[in-house]
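**Q** just need the structure, nothing else, for what follows:
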Amino acid sequence: MYQCRFSGAGRRMTGRRIHNRLLSCCRSVLSLAILLSLPAAYGQTPLSLDEAERMALEADPAVTARRARAEALREQAVADGQLPDPKLGIGLYNLPLDDFSLESQPTTQFRTKIQQAFPRGDTLRYRRLGTEWMSKAEQAETLLVGREIRRDVRQAFLELYYQQQAAAIIDRSHELFRQLVDITRSHFAAGRVSQQDVLQAQLELSRLDDRATRIDEMADVQRATLTRWIGDAAYRPIATDFPRLPDLPPLAELRAALPGHPAIVAASARVEANRQMVRVAREQYKPGWNIGLEYRKRFGEDPTGDDRADMMAAMLTVDLPLFTEKRQDRRLSASQQHAEAARRLREKRLRELRRMLAADYARWQRLGEQEVLYSERLVNEAVDSASAALNSYQSGINEFTTLMRARITELDVKLQQLRVRVDRAKAHARLLFLVSDPDEHSQPAEGEHE
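**A** Numbering: from 1, shown residues only. Next up, the predicted model:
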């Protein structure tokens, strides 16, 4: 009866092995089908992080849109500083309705006039400066979008690298767990272990397959994320070398660079643009001017028989801002509130960048300490513990649960080592988002430009 239970268990285990093999084959066939459906060029060379960044920055429409906005505002600033177009007037005055004669009445005139308006005070100058500062804000936003794209591509690429390398670790462990199943079966056949150990070994092997499936799922999600920036190139194989990032400057240099961050430069430019609008509002308390020149053509002859003399008129119109309570005062107050809001938003953004720097730098440092601990001690200790547990199990000293726990710990430690390394690189990428790029030209600081 004991041998009969073992045979039944062996048949059940064989069926599970076949099922697991079928699942593994299905995943392989699906991955192969995806790769074959893509252009042939994508399957030839591995995708590196540098190439992914370059492709993302070249193809992303957000960068192009920001540049177009900045150029539009630069052109608009020129127009905002110009005087209004002059006005030309033509008219026939005092034409008699009884005979419509041009010469019968001495007051009949043909008039041609030209008028030019001059806005109040230095309104045009301050409006032009305000638009120029908005253009500078858009230029800084262009740099900010580029940094955000580079940061997000690095994050997605590093996560995809983790999933790919984790899948490789699990594939290597799969053979070890399969050997454990075979060893447990042979010991069960010899009566050295119970059927529970055989079932537990097969369960852990199935759980390993489930882990592999979840990792494949996450890898697909990260590839789909990368397609937002680089399209179908995201489905190319990822380079096996760990992605290299530029070196980080010291913490003091990182802190000092924050005021020159594109987000702060853009916020400062908006503050200055709003201050120019405050100046525009103050100029509305001054009078505006309108100058006109008119030529008057007269028809017919005077009583002496000579042609009537033509006439000319010059006109000056002045605004009288006498009642300012409901117009100028309110507009000035509104512009001052807008300027204060922009200043507060700039301060908020700077505080947020300082918080990001403190949090990510601390995380980067602690993960570095963990990375050293894993590479120097934990991984070696986990491997040695698993080997010792296997030898003890084969010698009949330890139970199967001890061996399986040691193998699972070894796998978890290796995956955690990879997780720590990738997470540290992701923190590194977030810190690089705060670092000034040598190719980025800083905008003038607040108050430097008039």
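**Q** from here on, contacts and neighbour counts on C-alpha atoms
**A** Noted.
**Q** how far is the helix ranked longest in the chain from where the chain is centred?
**A** Counting by DSSP state H, the longest helix found in the chain is helix 123-189. Centroid separation for helix 123-189 versus its chain: 12 Å, with C-alpha atoms, centre = their mean, to the nearest Å.
**Q** do the same with stretch 351-359
**A** Per C-alpha atoms, centre = their mean, the centroid offset for stretch 351-359 relative to its chain is 17 Å.
**Q** equivalent analysis for stretch 299-311, please.
**A** 78 Å.
**Q** give me the contact list for that stretch.
**A** L102, E103, S104, Q105, P106, T108, Q109, Y295, R296, K297, R298 (C-alpha atoms under 8 Å, 6 or more residues apart in numbering).
**Q** now the buried members of those.
**A** Among the contacts of stretch 299-311, those buried by neighbour count (16 or more other C-alpha atoms under 10 Å) are L102, E103, Q105, T108, Q109, Y295, R296, K297, R298.
**Q** reformat these as TSV; add distance to P243 and pLDDT.
**A** Converted to TSV, those look like this (distance: C-alpha to C-alpha, whole Å; pLDDT from 0 to 100):
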residue	distance to P243	pLDDT
L102	90	83
E103	93	80
Q105	94	82
T108	88	86
Q109	85	89
Y295	79	93
R296	82	92
K297	84	90
R298	88	88
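**Q** now, among those, which is nearest to E132?
**A** Here the nearest of the buried ones among the contacts of stretch 299-311 to E132, counting by C-alpha to C-alpha, is Y295; it sits at 40.2 Å.
**Q** quick one: secondary structure of that closest one?
**A** Of the three states, Y295 takes strand under DSSP: H, G, I helix; E, B strand; the rest coil.
**Q** same question for K286.
**A** coil.
**Q** that one and F118 touch, don't they?
**A** No - between K286 and F118 there is no contact under C-alpha atoms under 8 Å: 11.4 Å.
**Q** what is the nearest of the buried ones among the contacts of stretch 299-311 to R236?
**A** Out of the buried ones among the contacts of stretch 299-311, the member with the shortest distance to R236 (by C-alpha to C-alpha) is Y295, at 77.7 Å.
**Q** beta partners for that closest one?
**A** T112, M312 (DSSP bridges).
**Q** quick one: it from L158, how far?
**A** 77 Å (C-alpha to C-alpha, to the nearest Å).
**Q** same question, Q196
**A** 40 Å.
**Q** residues contacting Q116?
**A** P84, D85, P86, K87, N290, I291, G292.
**Q** surely it is within a strand?
**A** Yes - Q116: assigned to a strand according to three-state DSSP.
**Q** find the nearest non-adjacent residue to it, please.
**A** Sequence neighbours aside, P86 is the residue nearest to Q116 in space, at 4.6 Å (criterion: C-alpha to C-alpha, 6 or more residues apart in numbering).
**Q** can you report how many residues lie near that neighbour?
**A** 13 (other C-alpha atoms under 10 Å).
**Q** could you give the angle of the helix or strand where D209 lies to helix 123-189?
**A** D209 is part of helix 195-230, with elements assigned from DSSP states H and E. Per axes from the mean of the first three to the mean of the last three C-alpha atoms, to 10 degrees, the angle that helix 195-230 makes with helix 123-189 is 160 degrees.
**Q** show me what counts as buried in helix 195-230.
**A** For helix 195-230, by 16+ other C-alpha under 10 Å, it's 195, 197-202, 204-206, 208-209, 212-213, 215-216, 218-220, 222-226, 229-230.
**Q** return the distance of that helix from the chain's centre.
**A** Counting by C-alpha atoms, centre = their mean, helix 195-230 comes out at 30 Å from the chain centroid.
**Q** what packs against the helix or strand immediately after that helix in the chain?
**A** Next along the chain after helix 195-230, taking DSSP H and E as the criterion, comes helix 251-257. If you count contacts as 3 or more C-alpha pairs under 8 Å, 6 or more residues apart in numbering; DSSP states H and E, helix 251-257 packs onto helix 328-373.
**Q** for the record, mean pLDDT for the helix it packs on?
**A** In this model, helix 328-373 has a mean pLDDT of 95.
**Q** tell me the angle of the very next helix or strand once past that helix relative to helix 328-373?
**A** Proceeding N to C from helix 328-373, the next assigned helix or strand is helix 379-394, under DSSP H and E. Orientation check (the same axes, to 10 degrees): helix 379-394 against helix 328-373 gives 50 degrees.
**Q** following element in sequence after helix 379-394, please.
**A** helix 400-432.
**Q** off-centre distance for that next one?
**A** Counting by C-alpha atoms, centre = their mean, helix 400-432 comes out at 28 Å from the chain centroid.
**Q** repeat that for stretch 301-320.
**A** Worked out by C-alpha atoms, centre = their mean, stretch 301-320 lies 67 Å from the chain centre.
**Q** same question for stretch 350-367.
**A** 18 Å.
**Q** hmm, back to that, go ahead and confirm the residue nearest to Q116 touches N290.
**A** No - using C-alpha under 8 Å as the test, P86 is too far from N290 to be in contact (9.9 Å).
**Q** overlap in contacts of these two?
**A** Q115, Q116, A117.
**Q** any idea which of these is closest to E53?
**A** Using C-alpha to C-alpha, the shared contacts of P86 and N290 come closest to E53 at A117, 52.7 Å.
**Q** if I look at that closest one, how far off is R279?
**A** When A117 is compared with R279 (using C-alpha to C-alpha), they lie 20 Å apart.
**Q** next one: D182
**A** Taking C-alpha to C-alpha, one finds D182 at 84 Å from R279.
**Q** tell me which of these two has more neighbours.
**A** R279 (19 against 15).
**Q** surely that one meets L124?
**A** No - look at R279 against L124 with C-alpha under 8 Å: they stay out of range, at 10.6 Å.
**Q** distance-wise, check the residue nearest to V383 when sequence neighbours are not counted relative to P243.
**A** Using C-alpha to C-alpha, 6+ apart and skipping the chain neighbours, the partner closest in space to V383 is E410 (5.9 Å). Distance, E410 to P243, using C-alpha to C-alpha: 25 Å.
**Q** then R349?
**A** Applying C-alpha to C-alpha to R349 and P243 gives a distance of 30 Å.
**Q** cool, Q196 as well?
**A** 44 Å.
**Q** M218 touches Q164, doesn't it?
**A** No - counting by C-alpha under 8 Å, M218 does not reach Q164; the two are 9.6 Å apart.
**Q** low-confidence ranges in this structure?
**A** 1-44, 187, 190-194, 398, 437-450 (pLDDT under 70).
**Q** and the residue lying farthest from the centre of it, which of the three is it?
**A** With C-alpha atoms, centre = their mean as the measure, the chain has its most outlying C-alpha, relative to the mean C-alpha position, at T304: 85.6 Å. Under three-state DSSP, T304 falls in the coil class.
**Q** give me the phi and psi angles of it.
**A** Phi and psi for T304, reported as degrees, to the nearest 10, are phi -90, psi 0.
**Q** which residue ranges form the helices in the stretch 1-150 of the chain?
**A** 2-37, 49-59, 61-80, 123-189 (DSSP state H, counting those that start in this stretch).
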